[in-house]
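*Asks:* Kindly return the folded structure for what I paste below:
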Amino acid sequence: MKAFTYERANSVAAAARAAAEKPGAKFIAGGTNLLDLMKLEVETPTHLVDVNRLPLAAIEDTADGGLRIGALVRNSDLAADPRVRQNYAVLSRALLAGASGQLRNKATTAGNLLQRTRCYYFYDTTKPCNKRDPGSGCSAITGFNRIHAIVGASDDCIATHPSDMAVAMQALDANVETAMPDGSVHTIPLTQFYRLPGATPQLETALTQGQIITAVTLPPAPKGTQLYRKVRDRASYAFALVSVAAIVETAGGKIRAARLAFGGLAPKPWRVAEAEHTLEGSTPSEAAFAKAGDAAVAGGRGYGHNDFKLPLVKRTLNAVLTAATRAA
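*Replies:* Have a look, this model is predicted:
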């Protein structure tokens, strides 16, 4: 691990200024991702700004009937909150599907959103990786790419985003509240928070240096059945090969509305409006679900070892939609 300096911030404004004023600075809270990367010298921050003392650990009702989740709320606490379990069940299920109990006790809401995308070669400093060393190449495209993206990737990077929580929040139309070094406040829809790799895979989010996440807000609970299903190699402590967050509202034997978000497929939580629109007004059936699955991975491609993901996402979606419409 390379040497770095450290400070504890006592206010959001001070934290943002400290990170903006020192090139190479990073915020640290739970550290469940950042510390691992620092030990491998994949991340080499020159300065750490500890934000654990900031008053950002509350879960509050909003005036419109939604929920405001502080950036420092621990994953375990968020999953167990009665309001989340009752009104945002897809989020609670997604959180409990992630990592392990020990990590969920430490990991924060903001930190979960900011996990670096996962790839064997990103973690191996002996191998080329455009995300770690821009311009060096992408080892995964011609290497072992079983866990990698089938949609949204580029010739420069095919890594996938690892968060389960973010997939559920995508389906729930979450917004990310942030504070800037100049004191201004910005809200970013989660649909616009993550960047696709394109030619700059090292840039993963819309955040700028010093911009700090203060909360995530959820609109009022949606109608319908909420489900989260994660397909992975192990029953716990494993990232998704494919995951589906679904919110399905039915009426009169037909699907009135659907929200679908996918994990394990892309460099960010993947939501395709066309996949949702194909279900609206349809009678639940394998044919209708297959059409939505085709739309979800339209234009997708495998890279050899991950070719199985294309049919797997369709089967997983079919199972989730079948369960959601039967539950209704």
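*Asks:* and Y228, what is it in contact with?
*Replies:* By Cβ atoms under 8 Å, 6 or more residues apart in numbering, the contact set of Y228 is 90, 93-94, 97, 164, 167-168, 243-246. All C-beta spots, glycine's among them, are computed from the backbone N, C-alpha and C.
*Asks:* how far out from the middle of the chain is stretch 171-180?
*Replies:* Mean C-alpha position of stretch 171-180 versus that of the full chain (Cα atoms, centre = their mean, to the nearest Å) differs by 12 Å.
*Asks:* can you offset everything so residue one is 837?
*Replies:* Understood, numbering begins at 837; the last thing we discussed is stretch 1007-1016.
*Asks:* buried residues in the lengthiest helix in the chain?
*Replies:* Across the chain, the longest stretch assigned as helix under DSSP state H is helix 1145-1163. Neighbour counts over helix 1145-1163 (16 or more other Cβ atoms under 10 Å) mark 1145-1146, 1148-1150, 1152-1154, 1156-1157, 1160-1161 as buried.
*Asks:* before we move on, what about stretch 1127-1140?
*Replies:* 1127-1133, 1136, 1138-1139.
*Asks:* Ends of that stretch, what's the gap?
*Replies:* Chord length of stretch 1127-1140, first to last residue, is 24 Å (Cα to Cα, to the nearest Å).
*Asks:* mind listing the helices for this protein?
*Replies:* Counting by DSSP H, the helices of the chain are 848-857, 870-875, 911-916, 918-923, 925-932, 937-942, 945-949, 956-959, 975-978, 1001-1007, 1026-1029, 1109-1115, 1122-1132, 1145-1163.
*Asks:* Figure out which of those helices is closest to C965.
*Replies:* Proximity to C965 (Cβ to Cβ) singles out helix 956-959 among those, at 4.9 Å.
*Asks:* Let me know the closest of the buried residues of helix 1145-1163 to L939.
*Replies:* For the buried residues of helix 1145-1163, the nearest to L939 is T1152 (24.1 Å; Cβ to Cβ).
*Asks:* Surely that closest one is in contact with V1067?
*Replies:* Yes: T1152 is within contact range of V1067, at 5.6 Å (criterion: Cβ atoms under 8 Å).
*Asks:* got any residues that touch both of the two?
*Replies:* With Cβ under 8 Å, 6+ apart, T1152 and V1067 have common neighbours 1078-1079.
*Asks:* contacting residues for the residue nearest to the spatial centre of the chain?
*Replies:* In the chain, the C-alpha nearest the mean C-alpha coordinate belongs to A1002, at 3.1 Å (Cα atoms, centre = their mean). Going by Cβ under 8 Å, 6+ apart, A1002 touches 948-949, 1026, 1030, 1099, 1104-1105.
*Asks:* can we see that at 6 Å?
*Replies:* A1002 sits next to 949, 1105 when contact means Cβ atoms under 6 Å, 6 or more residues apart in numbering.
*Asks:* distance of it from D900?
*Replies:* 22 Å (Cβ to Cβ, to the nearest Å).
*Asks:* check contacts around N941.
*Replies:* Per Cβ under 6 Å, 6+ apart, neighbours of N941: S912.
*Asks:* Actually, R954.
*Replies:* With Cβ under 6 Å, 6+ apart, R954 has these contacts: 996, 998, 1075.
*Asks:* Pull the contacting residues for the residue nearest to it when sequence neighbours are not counted.
*Replies:* Spatial nearest neighbour of R954, excluding adjacent residues (Cβ to Cβ, 6 or more residues apart in numbering): P998 at 4.5 Å. Counting by Cβ under 6 Å, 6+ apart, P998 makes contact with 951, 954, 1075.
*Asks:* partners of the second one in the sheet?
*Replies:* Beta bridges link R954 to T996 when assigned by DSSP bridges.
*Asks:* so how many other residues sit close to P881?
*Replies:* 21 (other Cβ atoms under 10 Å).
*Asks:* cool, and Y842?
*Replies:* 10.
*Asks:* Check whether it really touches H883, as I assumed.
*Replies:* No: between Y842 and H883 there is no contact under Cβ atoms under 6 Å: 7.2 Å.
*Asks:* on that earlier part again, would you mind giving the contacts of P998 as TSV with distance to G867 and pLDDT added?
*Replies:* Putting the contacts of P998 into TSV (distance: Cβ to Cβ, whole Å; pLDDT from 0 to 100) gives the following:
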residue	distance to G867	pLDDT
Q951	12	95
R954	17	84
F1075	19	95
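*Asks:* can you give me how far stretch 970-977 is from the chain middle?
*Replies:* For stretch 970-977, the distance to the chain centre is 23 Å (Cα atoms, centre = their mean).
*Asks:* for stretch 886-901, same thing?
*Replies:* Per Cα atoms, centre = their mean, the centroid offset for stretch 886-901 relative to its chain is 19 Å.
*Asks:* From L950, how far off is the residue nearest to R954?
*Replies:* P998 is 11 Å from L950, by Cβ to Cβ.
*Asks:* again, but for L1077
*Replies:* In terms of Cβ to Cβ, L1077 sits 22 Å off from L950.
*Asks:* Could you do R929 as well?
*Replies:* 21 Å.
*Asks:* just V1067 next, same as before
*Replies:* On the measure of Cβ to Cβ, V1067 and L950 end up 24 Å apart.
*Asks:* Thanks a lot, catch you later.
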